[in-house]
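Peer 1: With the input below, show me the fold.
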Amino acid sequence: MVTKNISTLISDSGITQYKIIAPVWYIYDEADTPYWSFPNGLYLEKFDPQYNVIATVGADSAKYYKNLRLWRLEGEVEMTKFPDELFLSPRVFWDQRKQVLYSDTFIHIENSTHIIEGTGFESDESLSSYRILHPNGIFPVNRDNI
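Peer 2: Residues are numbered from 1 along each chain as shown. Just a heads-up that it's a prediction; the model follows:
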């Protein structure tokens, strides 16, 4: 099945969790491993219980393996966690069963106090607790206090 110019809400236990926007959405439910494909990009918003946007995800392409509950986001993957954190990577996996995000590629994270980069990334689903497997970074230093 194919759907074009979609904007849909995804709920869990009757509570709206996500909004997905994409130019095209292919659904392969009869495949050996059923999956959804978003070859022309995907934009996702995550909501808190009061329907405030608390995080966003954008990717040049995406696949969702339905039975595994696993997302594979590729291209320029940009994730934001409100109010001020930005995560950039060429590939990110989101395992909804384990409630984790991870990548084996370059990662760039910035917020109001620092920029950190590296290779390999693991995080909880909310991007609150994360680690970079092979980090390097730029941390501002206030030389007036030295």
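Peer 1: Quick one: residues contacting L127.
Peer 2: L127 makes contact with 55, 79, 81, 85, 87, 101 under the criterion CB atoms under 8 Å, 6 or more residues apart in numbering. Any C-beta I mention is one placed from the backbone N, CA and C, and that applies to glycine too.
Peer 1: I'd guessed the second one sits against K46; true?
Peer 2: Yep, that's M79 we're talking about. No - taking contacts as CB atoms under 8 Å, M79 lies outside contact range of K46: 9.8 Å.
Peer 1: Roughly how far does the residue nearest the centre of the chain sit from L101?
Peer 2: Nearest residue to the geometric centre of the chain (CA atoms, centre = their mean): V57, 4.5 Å. Separation of V57 from L101 (CB to CB, to the nearest Å) stands at 9 Å.
Peer 1: anything in contact with each of those two?
Peer 2: Common neighbours of V57 and L101 (CB under 8 Å, 6+ apart) are 79, 94.
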